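Visitor: Sequence isn't available, so here's the structure alone:
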């Protein structure tokens, strides 16, 4: 009887440990699908076009221009989103990568935010958008990519970092990718 009780305790401990691992994996899977406890993200506008830039030396360049309007709502508590864009070398709000049929580089990027009740908070050199509970902020992202003529490009935001409290050292992450429309530079 004691042997069975000890085995049951051991089995219970093992199952409890496995349950914790599975719960953590479920949270990660939900984030990858865009299910987040604190924010709701929707793409309102998604536009892409190209421009041919004439140069005096005759080497014309082509630039892909992207415009995305992304609505972010705070569900359960105030949310702070950095008003910045980066490729991953340093932490920012919108983390991007360029996908294309040839190498491309980001020429310019700009983010603006607006919305009822949305305010901007500066902490050191970082600027955050504070979205009150139940409110929605519209983030306007404008970017330009220098690329090669005849190739196709798009911008992918691989994650969105945010905080629930500015005193927190770590960011929460929204992991569902946000894709821009593709543009052919031809």
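Guide: Sure thing, it's come through. These numbers were taken from a predicted model, which means no experiment stands behind them. Residues are numbered from 1 along each chain as shown.

Visitor: ranges for the helices of this protein?
Guide: Along the chain, counting by DSSP state H, helices occupy 2-32.

Visitor: Centroid-nearest residue for it?
Guide: With distances taken as Cα atoms, centre = their mean, residue 160 lies nearest the centre of the chain, 2.6 Å away.

Visitor: low-confidence ranges in the chain?
Guide: Within the chain, the stretches with pLDDT under 70 are 1-2, 32-34, 58-60, 88-91.

Visitor: If we use 80, what do you get?
Guide: 1-3, 26-36, 53-61, 87-92, 102, 104, 185-186 (pLDDT under 80).

Visitor: which residues in it form strands?
Guide: 39-53, 61-74, 79-82, 85-86, 94-100, 105-114, 119-123, 126-131, 136-147, 152-162, 172-174, 178-179, 183-184 (DSSP state E).

Visitor: Can you list the buried residues in the first one?
Guide: What it means is strand 39-53. Neighbour-count burial for strand 39-53, counted by 16 or more other Cβ atoms under 10 Å, picks out 39, 41, 46, 48, 50. C-beta coordinates here come from the backbone N, C-alpha and C atoms, glycine included.

Visitor: Next: the fifth one.
Guide: For strand 94-100, a neighbour-count test (16+ other Cβ under 10 Å) marks 94, 95, 96, 98, 100 as buried.

Visitor: Pull up the pairing partners for it, direction included.
Guide: In the sheet containing strand 94-100, its partner strands are strand 85-86 (parallel), strand 152-162 (antiparallel), by DSSP bridges.

Visitor: Centre of the chain to the last one, how far?
Guide: When you say that, I think you mean strand 152-162. For strand 152-162, the gap between its own C-alpha mean and the chain's C-alpha mean amounts to 6 Å (Cα atoms, centre = their mean, to the nearest Å).

Visitor: what's the answer for stretch 40-59, then?
Guide: How far stretch 40-59 lies from its chain's middle: 20 Å, per Cα atoms, centre = their mean.
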